[in-house]
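> just coords:
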């Protein structure tokens, strides 16, 4: 049984339809990222799951229990949701210990203390129990908010842009640390972000939003390599589009030559369409007869980014070949891979 | 967080908030607006020819007096406050740091005390005219001209002296918030300080001045004690006299509604000006203030002006009060003084606690409720403060009198002994009136506190399994401590000072400090009440210290 089942959810805010029929399934122990630009409805969905935002149509089921539908509305406080906020939402008038035990219903003092100790060591904050939130660093506050949510033993954990206030240097480390905690305890989580990099690191599954709908849902690799449209392709990374014609079962013809696919194509024979090529799928080499001219060069560390002008197109190419200068002529080719036509 | 989601955050609410919360807040709000509704209904009743008679004879004069007084007080306060505000905000001169807060002190002075002190000084028998007569050898009032203190003009001056800090405070803030870069731009283009005041500072401060002027006008319209002492009949005194002399509640209600029209026009104008103020007063990002260092004659003139203003409006009357109190200490330090102080104290304490509870409940419902209509009660409940004390008193007398009669009728019907006027004849009516008038203050200070609590704290609490009630008790109330304290304090002080409502509604034989002091003012023997007056002034200083501290913190 899935931990969370969202079916056909619509939500309206000030007469505007913000969610237009969203379906989503989160399995036990799975971490799902709701990804999309601002205003796409991802935060609204998170709030609807938490019971902080009403829905106008559809159904949300948590662990087999319907929490909202046409006929039913279970209040937030009865849903068993853990939520982590962008500003952490720590109670400023309570100590770390009081914050963590805020939602814990255990009456027995020893059990409460044991829970507190367990949570503090889990998030590596031993010894800070009596501090107040303003005495902690941003990262420590984040850990307290995670401990507070987990101490409540939620059915599902919701995270609203939890890493956006964390220093870039420690963000990745923090994400991996929290991911490990969630995985160790087999906690199902839904995570809102507008950053594909965060989603790639933190989530098992990505649900990409556009205008109140999920346009594609799957693992990061699948979305990156096999996007179902240009919106998905562009959101997840730089992309080049070349006009292409299918000339054989696994071959297309383009301006830079014929390119082979290692899997069957997603277009019919003779169809004219566009071929998606990620920057690392293109290769360039210096050549006096080359059809392209390098107009920009940017050293990125492991690779070099070149912008190559050819015809009236500019191609974005990542190459390990660092020896090409601006203005030089280059030959362009593409590596064989699973080609995607859009 | 992007702008879009921020809009969402600001609209967070508890979707499952039970309806009983809304019902409770509506009942409270309706109880609070009841006097207003009762007043309007009562004014529609046919009257016993009293109102017609008044309208044909004195009322037009009263209306004209009220309007003239408002006009002159607004002019007077602007005239006194603007130079002081500009000097303190934009210049450096000796004593400026002290004047910055000291010029607020006059707010603590009841206008009728100032009026009494100056009448004592400038009357025919007072020291000023006596020494003039001695100096020039005049014998009778016919030998020379001296302006009459007890006149409309005199009342306007007294009210201006105690009300100018309203405009001073708003104008000072407006001047200080004007972006320094605008001043630099003007200077670079060759504006002298004087020119830049007329062309830049003053026009930009106009909305703030308008807000201040309406507040002053409303306070003037509500003033009862000064005009009553000076025997200048206005609408306020007319309401009072109609009730006490003619005993006609309907006629009093009709005059009250005329005042209400004036007050509501003022409120409308104030709202309009405030919106403009927000446009004109964007916080400047550059913290460095552009200030003119004054020296020599200019510095002396600036200090002298501020000092003269402070002396006339506060120091002199206060010193004279101290002198009175010193001279008559033995007579004043008596059982009555303690009894009336105690009366003021318990009523003020009780009312401030009730008002804060009302404020917490209404603001909680406003914040947490998903129902749009629940925004209304806290707004409705804030209308009481706009009603002048006399008008409110009439409004509350209407339903309470009806209830009292009904109670006695019921008692008689069942053959019990009639309980008498248990509502209108006890301090209960006073407590109700004060609660209605001052609930707005508590609501306001709790609202300010609420704005500082992040909505995600609410969401965190609810998702952690808190019911609305425990959200209120475990999260909101601890975080609202400051607002609750400020609300208690401000309501307490207003209750200590409030005079007209207390005069109209107090049961026979019941006095508090304010009515006690006013009694001595009316009887021309403030000397005996000076001690009580000093208590009122000192209590009134507390919010000024508080206000100044919060202004300092904002900087």
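Looks like it came in fine. Owing to the predicted nature of the structure, the values given are computational and were not obtained by experimental measurement.
> and residue 175, how many neighbours?
Going with chain A. Applying other Cβ atoms under 10 Å in any protein chain shown, we find 20 residues neighbouring residue A:175. (Each C-beta comes from the backbone N, C-alpha and C, glycine too.)
> right idea, wrong chain: chain B
22.
> who's in contact with it?
By Cβ atoms under 8 Å, 6 or more residues apart in numbering or on different chains, residue B:175 lies in contact with B:85-86, B:89-90, B:201, B:205.
> name the SS class of it, please.
helix (DSSP: H, G, I helix; E, B strand; the rest coil).
> what bridges to the residue nearest to residue A:2 when sequence neighbours are not counted?
Nearest non-adjacent residue to residue A:2, counting by Cβ to Cβ, 6 or more residues apart in numbering or on different chains: residue A:25, 4.8 Å away. Beta-bridge partners for residue A:25, by DSSP bridges, are residue A:5.
> list the contacts of residue A:25.
When contacts are counted by Cβ under 8 Å, 6+ apart, residue A:25 is found next to A:2, A:4-6.
> swap in residue B:76?
B:156-157, B:159-160, B:164.
> mind checking pLDDT for the closest residue to chain A within the stretch 301-450 of chain B?
Proximity of the stretch 301-450 of chain B to chain A (Cβ to the nearest Cβ) peaks at residue B:370, 7.3 Å away. The confidence metric pLDDT takes the value 81 at residue B:370.
> next, it: secondary structure please.
Reduced to three states by three-state DSSP, residue B:370 is coil.
> how many neighbours does it have?
Neighbours of residue B:370 under the rule other Cβ under 10 Å: 16.
> residues making contact with the host helix or strand of residue A:231?
Taking DSSP states H and E as the criterion, residue A:231 maps to helix A:230-236. Residues outside helix A:230-236 that contact it (Cβ under 8 Å, 6+ apart): A:35-37, A:196, A:208, A:210, A:215-216, A:220, A:223-224, A:227, A:239, A:241, A:276, A:340, A:342.
> chain B next: which of the residues you listed are close?
Among the contacts of helix A:230-236, no residue sits close to chain B (Cβ under 8 Å from any Cβ of the partner chain).
> which bits of the stretch 301-450 of chain B sit near chain A?
Within the stretch 301-450 of chain B, the positions adjacent to chain A are residue B:370 by Cβ under 8 Å from any Cβ.
> and the helices in the stretch 301-450 of chain B?
Ranges of helices within the stretch 301-450 of chain B are B:316-327, B:329-332, B:335-368, B:376-380, B:389-413, B:427-451, based on DSSP state H, counting those that start in this stretch.
> other residues contacting the first one?
Counting by Cβ under 8 Å, 6+ apart, helix B:316-327 makes contact with B:109, B:113-114, B:117-118, B:120, B:332, B:526-527, B:530-531, B:533-534, B:537, all of which sit outside it.
> again, but for the second one
Identification of contacts with helix B:329-332 by Cβ under 8 Å, 6+ apart yields B:325, B:528-532.
> center of chain B, which residue is that?
Centroid-nearest residue in chain B: residue B:219, 6.3 Å away (criterion: Cα atoms, centre = their mean).
> distance-wise, check that one relative to residue A:160.
Per Cβ to Cβ, to the nearest Å, residue B:219 is found 47 Å from residue A:160.
> go on, residue A:256?
Per Cβ to Cβ, residue A:256 is found 44 Å from residue A:160.
> neighbour count winner among those two?
Comparing residue A:256 with residue A:160 by other Cβ under 10 Å, the one with more neighbours is residue A:160, at 26 against 20.
> for that one, give me phi and psi.
Main-chain torsions, residue A:160, degrees, to the nearest 10: phi -100, psi 100.
> tell me the bridge partners for it.
Beta-bridge partners of residue A:160, counted by DSSP bridges, are residue A:192.
> that one contacts residue A:43, correct?
Yes: the pair residue A:160 / residue A:43 is scored as a contact, 6.4 Å apart, by Cβ atoms under 8 Å.
> joint contacts of those two?
Between them, residue A:160 and residue A:43 share these contacting residues under Cβ under 8 Å, 6+ apart: residue A:192.
> pull the residues that contact the lengthiest helix in chain A.
The single longest helix within chain A, with elements called by DSSP state H, is helix A:168-184. Contact with helix A:168-184 is made by A:29, A:31, A:122-123, A:139, A:142, A:146, A:150, A:157, A:162-163, A:166, A:187, A:189, A:198, A:201-202, as judged by Cβ under 8 Å, 6+ apart.
> which positions in that helix come out as buried?
When burial is assessed from 16 or more other Cβ atoms under 10 Å in any protein chain shown, helix A:168-184 yields the following buried residues: A:171, A:174-175, A:177-179, A:181-182.
> relative to its centroid, which residue of chain B is most remote?
Most distant residue from the mean C-alpha position of chain B: residue B:415, 46.6 Å away (Cα atoms, centre = their mean).
> who's in contact with it?
Neighbours of residue B:415 in contact, by Cβ under 8 Å, 6+ apart: none.
> any idea how far it lies from residue A:270?
Distance, residue B:415 to residue A:270, using Cβ to Cβ: 107 Å.
> any idea of the pLDDT on residue 11?
All of this is about chain A. If you check residue A:11, the pLDDT there is 91.
> that was the other one, I meant chain B.
47.
> tally of neighbours for residue 200?
Because you didn't say which chain, this covers chain A. 19.
> oops, wrong one, chain B.
Applying other Cβ under 10 Å, we find 17 residues neighbouring residue B:200.
> that's a helix at it, yeah?
Yes: applying three-state DSSP, one finds residue B:200 inside a helix.
> wait, it sits on residue B:191?
Yes: counting by Cβ under 8 Å, residue B:200 touches residue B:191, with 7.1 Å between them.
> next one: the residue positioned nearest the centre of chain A from residue A:31, what distance?
The centroid of chain A falls nearest to residue A:199 when counting by Cα atoms, centre = their mean (2.8 Å). Applying Cβ to Cβ, the value for residue A:199 to residue A:31 is 10 Å.
> overlap in contacts of the two?
Counting by Cβ under 8 Å, 6+ apart, the residues touching both residue A:199 and residue A:31 are residue A:191.
> can you get me a residue count around the closest residue to residue A:299 other than its chain neighbours?
Sequence neighbours aside, residue A:322 is the residue nearest to residue A:299 in space, at 7.2 Å (criterion: Cβ to Cβ, 6+ apart). Look at residue A:322: counted by other Cβ under 10 Å, it has 10 neighbours.
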